[in-house]
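[1] Everything below, folded, please.
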Amino acid sequence: AIIFCDSCDLAVHQSCYGAGARNIPEGDEPWYCDLCHAQGKRTSRRADQACVLCPQRGGAMKRTSDGRWAHIACALWIPGADFLDPEGRDVIH
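    Residues are numbered from 1 along each chain as shown. Next up, the predicted model:
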């Protein structure tokens, strides 16, 4: 299923996004992507958030082990990058 962040409208595949998208609230309860959740659910576009693994900004990101942010796709495709929780696709290292 594709889900949308209720703050920034980021669209992600529930299974690809991992642990942050496994328990979607029911009814009118909002769901927030990891970045919006970490930023206090501010209503804004996240285009200014930089990925530490590539020059692109915005998109589906997860927190890194040093507190920065990286794209899920970058962590999957860049040699040497991985997830501390591969099954939940959480914390890029």
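[2] Okay, and the beta partners of the residue nearest to the spatial centre of the chain?
    In the chain, the residue lying closest to the centroid (Cα atoms, centre = their mean) is residue 61, at 3.3 Å. Counting by DSSP bridges, residue 61 forms beta bridges with residue 71.
[3] What separation is there between it and residue 8?
    In this view, residue 61 and residue 8 are 11 Å apart by Cβ to Cβ, to the nearest Å. For the C-beta atoms, the positions are set from N, CA and C on the backbone; glycine is no exception.
[4] Repeat that for residue 30.
    Going from residue 30 to residue 8 by Cβ to Cβ gives 12 Å.
[5] Just want to know which of the two has more residues nearby.
    Ranked by neighbour count (other Cβ atoms under 10 Å), residue 30 and residue 8 place residue 8 first, with 20 against 10.
[6] looking at it, the more buried one is touching residue 33, isn't it?
    Yes - with contact defined as Cβ atoms under 8 Å, residue 8 reaches residue 33; the gap is 6.7 Å.
[7] Tell me the secondary structure of the residue of the chain positioned farthest from its centre, please.
    Distance from the C-alpha centroid of the chain, by Cα atoms, centre = their mean, peaks at residue 27 (22.2 Å). Counting by DSSP: H, G, I helix; E, B strand; the rest coil, the backbone at residue 27 sits in coil.
[8] could you measure it against residue 33, distance?
    Relative to residue 33, residue 27 is positioned 19 Å away (criterion: Cβ to Cβ).
[9] repeat for residue 24
    Residue 24 is 12 Å from residue 33, where distance means Cβ to Cβ.
[10] quick one: the helices in this structure?
    Assigned by DSSP state H, the helices in the chain fall at 14-17, 34-38, 72-77.
[11] any idea which of those is most buried?
    Of all these, helix 34-38 has the most neighbours on average by mean count of other Cβ atoms under 10 Å, namely a mean of 19.
[12] That one packs against which elements?
    With contacts taken as 3 or more Cβ pairs under 8 Å, 6 or more residues apart in numbering; DSSP states H and E, helix 34-38 sits against strand 61-63.
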